[in-house]
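Chemist: all I have is the shape, not the residue letters:
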């Protein structure tokens, strides 16, 4: 009845507010107690009596007037501009935390759960939940130490000589959260977890207490999971999975118990120091093989975009671990999509990312005067159009009449890493297209012509593939506590 909007002070009118939503005109606000244009009348709302009352008149810093946002309720709209009252003044301080609080208000990101969801959580936790403890599989987890539930665990068991069975176990909450119940409706409304960094309180899709006590794969706790298993042969002499070895996945239910909880940093240390931690080593060999099969030579690409949103640049510090976990989860998502297609061929939610329009691709290639598309790490082995595949081996040396520029600080770092024989770090720098000027420009234009990914029904057979991930079919399965679509797929 009375919309509440996030507004900024109008610079042209003394007592008017401009909504951040551009579809609403400026709002004239109550100001009878204000003695200057830098004063604001604040009101409070009594929900019990359903009335508003004048609370106080505050002054704002005229030197920082643009740093303020206001919660304004529209009371009536009888003339050209609506009339409203100010409920709250927020000094954004020009920092990330206060800026995010404004965005949360603007987009109505909830701070609390509904009363019904809170009561449903209490009722569920008061019930007795029995898990069959026969045939419990021993697992381990790899966590980034963020707040929130641990949704995935991993198992490795030895079969015949050189053969191993690897399990990717994802917690299955569907035995408790039923379609259409109170918790499910709350999760659907939220859509996903919202996490920024350790300084900002996350917003969870599933009530945190429910996730932690019933679902999160904590050390020593038995959990019901859906697992994707794969069998793999490892050549002990070469210490790798044979190049042409085909890995197939199988979906099963499982009961697990986590015996060890590794951090990303601990796994990275194991991988770098070549410690004799067999299970981690096997996961690493499997993930590298899967990545090579999926991306071909593009597997050497370093994704700069994923480095900076992480706390303290943790992605670059633990890049091998991130790639290990990420590749296993991509494989699990693809396997589950294929499994479901066999049963429900026309109603599986597939994450479809189409290839760019052919005309856009041709225009992009024409704009690259130096034919840089063939030397981009990200596009190695990628079929762009009917003209062929991007590959450094397809690049004609006669086309490169000038040296490829490298930034001086990057060149210096490359020399230092080569001198100290840190060849893995050198490969990381070489594979980062964004740190090399010409490749960065070429890649930016390539990103600009990409289509948007979206979920499509599997009934449309030509709209199942994911171009960017280079897989024929893909769905979301590995995060049922933090993404609603994953919960749907689990069902």
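Modeler: Yep, it's here. Nothing here was measured: the structure is a model prediction, and the numbers come from that model. Numbers count the residues shown, from 1 in each chain.
Chemist: list the buried residues in the helix ranked longest in the chain.
Modeler: The longest helix of the chain (DSSP state H) is helix 319-343. Residues of helix 319-343 classed as buried: 319-325, 327-341 (neighbour count, 16 or more other C-beta atoms under 10 Å). In this view, the C-beta of every residue, glycine as well, is placed from N, C-alpha and C.
Chemist: do stretch 366-382 as well
Modeler: Applying 16+ other C-beta under 10 Å to stretch 366-382 flags 368, 370, 372, 373, 374, 375, 376, 377, 378, 379, 380, 382 as buried.
Chemist: any idea how far that stretch is from the chain center?
Modeler: 27 Å (C-alpha atoms, centre = their mean, to the nearest Å).
Chemist: averaged pLDDT, that stretch. What do you get?
Modeler: Averaged over stretch 366-382, pLDDT sits at 82.
Chemist: make 529 the first number, not 1, from now on.
Modeler: Sure, I'll start numbering at 529, so the last one becomes stretch 894-910.
Chemist: and that stretch, end to end?
Modeler: In stretch 894-910, first residue to last residue: 17 Å (C-alpha to C-alpha, to the nearest Å).
Chemist: who touches it?
Modeler: Residues outside stretch 894-910 that contact it (C-beta atoms under 8 Å, 6 or more residues apart in numbering) are 823-826, 828-830, 892-893, 912, 917-920, 922-924, 927-928, 930, 932, 958-961, 966-967, 970-971, 973-974, 998.
Chemist: re earlier: ok, of the buried residues of stretch 894-910, which one's closest to residue 586?
Modeler: residue 906 (52.1 Å; C-beta to C-beta).
Chemist: so the closest one versus residue 548, what's the distance?
Modeler: Here the criterion is C-beta to C-beta, to the nearest Å. By it, residue 906 lies 36 Å from residue 548.
Chemist: following the lengthiest strand in the chain, which helix or strand shows up next?
Modeler: Longest strand in the chain by number of residues (criterion: DSSP state E): strand 777-791. Helices and strands here follow DSSP states H and E; after strand 777-791, the next one along the chain is helix 792-801.
Chemist: now that next one and strand 777-791, what's the angle there?
Modeler: Helix 792-801 and strand 777-791 meet at an angle of 100 degrees, taking axes from the mean of the first three to the mean of the last three C-alpha atoms, to 10 degrees as the criterion.
Chemist: and the angle from helix 792-801 to helix 847-871?
Modeler: 110 degrees.
Chemist: residues making contact with helix 792-801?
Modeler: Taking C-beta under 8 Å, 6+ apart as the rule, helix 792-801 contacts 670-673, 790, 803, 805, 808-809, 812, 842, 845-850, 852.
Chemist: if I look at the nearest residue to residue 993 once chain neighbours are set aside, how far off is residue 648?
Modeler: With sequence-adjacent residues excluded and distances taken as C-beta to C-beta, 6 or more residues apart in numbering, residue 993 is closest to residue 1000, at 5.3 Å. From residue 1000 over to residue 648 the distance is 39 Å, taken as C-beta to C-beta.
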